[in-house]
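S.K.: need coordinates for the below:
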Amino acid sequence: MQKLSLAALAICLLLTGCAIGGANRTPGKKVSFMVFGDPAELAAYQQLVDAFRAVHPDIQVELRHVASQGDYQKQLVTAFSAGAEPDVMLLNYRRVLQFAANGGLEPVGSYLDNSQSLHAADLYPEALEAFQWDGKTWCIPQNVSSLVVYYNRSLFDAAGVAYPSAGWTWDDFLQTARTLTRDLDGDGQIDQYGAGVSPELMRLAPFIWQNGGELVDDPAQPTRLAFDSPAALAAFQWFVDLQVQEHVVPDATAEQAEDSETRFMNGRLGVYLNSRRTVPTFRTIEGLDWDVAPLPQGVQPAGILHSDAYCLSARAQDKGSAWTLIEFANTVAGQTLMATTGRTVPSLRQVAESPAFLDSQQRPASSRVFLDTIPLLRRVPLLQKWPTIEETASREIERAFYGQASVEEAAAAAVSLTLPYFQDK
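M.R.: Numbers count the residues shown, from 1 in each chain. Below is the predicted model:
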């Protein structure tokens, strides 16, 4: 399916009556809209804003962009502290509570209930429920992404290795990574690595769940991390051994010289673990023959939710216009536009099951992998201090991954250092 032109999209919306008026909107107001991502992702959001302007010319949208997700979070925290946050912002479910719990976000449940074009039942519950807390819906998810395996088909073909498929195991993953890790010029240095994965909690978590472990002691009422359980430690050790023992993943020096995402784009990495967000960038790389596959399975299948949503500032001057932007972005037309850019796994079932997302002529050809994974998705706890817990734990995971601490030492440190943050929920 080719991308809709802005003019065609506008005509479609107007003729079918799906343009949104936006209750309590003040004509001529400006709505600030803040997003993060690389240039290809920014281009996707710019297309969305342009389409919105074509249908709602009375609402000016100021698109703010921060490339790094880490810098984005820092700037948002600073903006909220100064009372200068954007009217609409993109937030991952893991970070919503740090703003919602302090009164920084406007619940959007009533807007959703009164919408003529957007209905809760049309959204994947796995995504919508991630943004519900204290009996309220705080944001509208645009995305129901998950962690998957990106793989370089050319490298698999050259090595005579079968492409990964549903049901492949940790052992299959390791054997594949071993085969694809190669010294191409005989100088004793690895030139092509089998796998690339970031040493952080969001990458380790699904493997802990797959091994029968938990991230926290009680998923409903967590009081501590549970990295020190036998099941979690075993999964943690398998994850770390990919680098420390097997050397199929770049070490710290190699990763600093060329990060795994760049290495994959340059054709020197067999498989790379990430969410949907890298698709627009990968599509720009000429000559890169790639696709996606599900995560390898442990003793039980499990995936991890990667979902972002459009959230409304409680201090927005024109909440009606801000909601109109959020609503438009999550209509069939809005989500179809974003789906054609490759950025999202649409949270609207209708769009996710449409050619806009599943078109096999657009990479990845196996986009249905993302949909097949949805029933297996789990999510991290909703805690106000979860971002700090995650950051602290990820530092310990990184220490173990690069051989600076044993798995047992890193797990114990992660549990101990994060204990105080669980008390502020």
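
S.K.: first residue to last residue on stretch 285-298, what's the distance there?
M.R.: 32 Å (C-alpha to C-alpha, to the nearest Å).

S.K.: which residues touch it?
M.R.: 147-154, 163-170, 172-173, 206-207, 210-212, 235, 264-265, 267, 273, 282, 303, 363-367, 369-370, 372-373 (C-beta atoms under 8 Å, 6 or more residues apart in numbering). For the C-beta atoms, the positions are set from N, CA and C on the backbone; glycine is no exception.

S.K.: from these, list just the buried residues.
M.R.: 147-152, 164, 168, 170, 173, 206-207, 210-212, 235, 264-265, 273, 282, 303, 363-364, 366-367, 369-370, 373 (16 or more other C-beta atoms under 10 Å).

S.K.: which of those residues fall in strands?
M.R.: Among the buried ones among the contacts of stretch 285-298, the ones falling in strands (DSSP state E) are 148, 149, 150, 151, 152, 273, 303.

S.K.: take those residues and write them to JSON lines, including pLDDT.
M.R.: Formatted as JSON lines, these follow (pLDDT from 0 to 100):
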{"residue": "148", "pLDDT": "98"}
{"residue": "149", "pLDDT": "98"}
{"residue": "150", "pLDDT": "98"}
{"residue": "151", "pLDDT": "98"}
{"residue": "152", "pLDDT": "98"}
{"residue": "273", "pLDDT": "98"}
{"residue": "303", "pLDDT": "98"}
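
S.K.: show me where the stretch 101-250 of the chain has helices.
M.R.: For the stretch 101-250 of the chain, the helices defined by DSSP state H, counting those that start in this stretch cover 109-114, 125-128, 153-159, 170-180, 201-210, 230-244.

S.K.: tell me what angle the longest one forms with helix 170-180.
M.R.: This means helix 230-244. Relative orientation of helix 230-244 versus helix 170-180 (axes from the mean of the first three to the mean of the last three C-alpha atoms, to 10 degrees): 10 degrees.

S.K.: tell me what helix 230-244 is packed against?
M.R.: helix 170-180, helix 201-210, helix 386-401, helix 407-418 (3 or more C-beta pairs under 8 Å, 6 or more residues apart in numbering; DSSP states H and E).

S.K.: ok, 6 Å please
M.R.: Counting contacts by 3 or more C-beta pairs under 6 Å, 6 or more residues apart in numbering; DSSP states H and E, helix 230-244 is packed against helix 201-210, helix 386-401, helix 407-418.

S.K.: just name the most buried of the ones you listed.
M.R.: Of all those, helix 201-210 carries the top mean neighbour count, a mean of 23, counting by mean count of other C-beta atoms under 10 Å.

S.K.: which outside residues touch that helix?
M.R.: Residues from elsewhere that reach helix 201-210 (C-beta atoms under 6 Å, 6 or more residues apart in numbering): 147, 197, 215, 232, 235, 239, 298, 300, 302-304, 378, 390, 393-394, 397.

S.K.: at 8 Å instead, please
M.R.: 147, 170, 197, 214-215, 227, 231-232, 235-236, 238-239, 273, 295, 297-304, 306, 378, 380, 390, 393-394, 397.

S.K.: cool, stretch 119-137 as well?
M.R.: 93, 96-97, 100, 107-109, 112-113, 138-141, 143-144, 305, 307, 309, 330, 347-350, 352, 374-375, 377, 379, 382.

S.K.: what's the answer for stretch 99-111, then?
M.R.: With contacts defined as C-beta under 8 Å, 6+ apart, stretch 99-111 is touched by 23, 76, 80, 85, 91, 96, 133, 136-140, 311-316, 319, 323, 326-327, 384.

S.K.: that older thread, which of the helices and strands packed on helix 230-244 sits closest to residue 188?
M.R.: Nearest to residue 188 among the helices and strands packed on helix 230-244 is helix 386-401 (23.1 Å), distances taken as C-beta to C-beta.

S.K.: let me know the angle separating that closest one from helix 201-210.
M.R.: Angle of helix 386-401 versus helix 201-210, following the same axes, to 10 degrees, is 80 degrees.

S.K.: and helix 386-401, what does it pack onto?
M.R.: helix 93-100, helix 201-210, helix 230-244, helix 407-418.

S.K.: for that helix, C-alpha coordinates in CSV please.
M.R.: Presented in CSV, the C-alpha positions along helix 386-401 are these (Å, rounded to 0.1, in the frame of the first residue of the first chain):
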residue,chain,number,x,y,z
TRP,A,386,10.0,2.8,38.0
PRO,A,387,12.2,4.9,35.6
THR,A,388,14.8,5.2,38.4
ILE,A,389,14.5,1.6,39.3
GLU,A,390,15.0,0.6,35.7
GLU,A,391,18.0,2.9,35.2
THR,A,392,19.6,1.7,38.4
ALA,A,393,19.1,-2.0,37.6
SER,A,394,20.3,-1.5,34.0
ARG,A,395,23.6,-0.2,35.2
GLU,A,396,24.1,-3.4,37.2
ILE,A,397,23.0,-5.5,34.2
GLU,A,398,25.6,-3.7,32.1
ARG,A,399,28.3,-4.3,34.6
ALA,A,400,27.7,-8.0,34.5
PHE,A,401,27.3,-8.0,30.7
